[in-house]
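**Q** everything below, folded, please.
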Amino acid sequence: MKSPTARQIAALPIRLGTDGEIEIALVTSRETRRWIVPKGWPMKGLKPYEAAAIEAKEEAGLVGEIEKKKLGSYQYFKRRDQRFDLCEVDLYKLWVKTELEDYREKDQRTVRWVNRREALAAIEEVGLRDLVERLGTAGSILPVRKRKKAAAEGETGTAEHAEATPRKKPKPIKAKRTSPPKSKRKRARSEPVETPAHAAN
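**A** The predicted model follows:
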């Protein structure tokens, strides 16, 4: 089995939709315009989750609470001029609180909020799809202290997460299939989804 030639970090931006279900923010890659999540290279002097939060801000204008424990890892083939390099990506959940009007790569990418079913249909990278599929329900993945507060209030979500950003019905998205041959795709190595302690591309 071929070993990854590089490691990256990524953020999975999520929020609660108007129906109380999880919504995911996807961005387009700059070259192939595939639907992906904000990701990039580790940054010197920063923890992996801190670097992931910065990628989300720069690529999608999304700011919020990043979880320190990774959701899992997945592999994909990064397109080069004349080859594909195998990269391993550590994925961290980001509870979005703010959507910025202006950010570094605003004119280079498209950002769209979608529900989980739409995300699974749009994402080409098999390993990333596996992790999204295992996300769970809104009630099961809310941060512990938020779930306790919600339970006390008799609600599924929380004011902090449910009202952090404007809620609009997600628009269906279509993704052009440009991924490497199936023989080159790798499945995700996912870690158990636990309550949290809390790509260029």
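**Q** all strands for the protein, in order.
**A** Listed in chain order, the strands of the chain (DSSP state E) span residues 6-16, 22-28, 35-36, 39-40, 62-66, 72-79, 84-99, 111-115, 189-190.
**Q** alpha carbons of the second one, as PDB, please.
**A** Right, strand 22-28. Extracted C-alpha coordinates of strand 22-28, given in PDB (Å, rounded to 0.1, in the frame of the first residue of the first chain):
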ATOM      1  CA  ILE A  22     -26.800  19.800  10.700                       C
ATOM      2  CA  GLU A  23     -25.800  21.800   7.700                       C
ATOM      3  CA  ILE A  24     -22.300  21.700   6.200                       C
ATOM      4  CA  ALA A  25     -20.400  24.500   4.300                       C
ATOM      5  CA  LEU A  26     -18.600  23.300   1.200                       C
ATOM      6  CA  VAL A  27     -16.200  25.300  -0.900                       C
ATOM      7  CA  THR A  28     -14.900  24.800  -4.400                       C
END
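**Q** residues making contact with the helix ranked longest in the chain?
**A** For the chain, the helix with the greatest residue count under DSSP state H is helix 48-60. Where contact means CB atoms under 8 Å, 6 or more residues apart in numbering, the residues beyond helix 48-60 that reach it are 9-11, 13, 25, 27, 38-43, 46, 62-64, 66-68, 70, 90-92, 94, 100, 103-105, 109, 111, 198-201. All C-beta atoms are positioned from the backbone trio N, CA, C, and that covers glycine.
**Q** how about it: buried residues?
**A** When burial is assessed from 16 or more other CB atoms under 10 Å, helix 48-60 yields the following buried residues: Pro48, Tyr49, Ala51, Ala52, Ala53, Ile54, Glu55, Ala56, Lys57, Glu58, Glu59, Ala60.
**Q** in CSV, list the residues you listed along with pLDDT and distance to Ala119.
**A** As requested, these are exported to CSV (pLDDT from 0 to 100; distance: CB to CB, whole Å):
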residue, pLDDT, distance to Ala119
Pro48, 98, 22
Tyr49, 98, 21
Ala51, 98, 22
Ala52, 98, 18
Ala53, 98, 20
Ile54, 98, 22
Glu55, 98, 18
Ala56, 98, 15
Lys57, 98, 20
Glu58, 98, 21
Glu59, 98, 16
Ala60, 98, 14
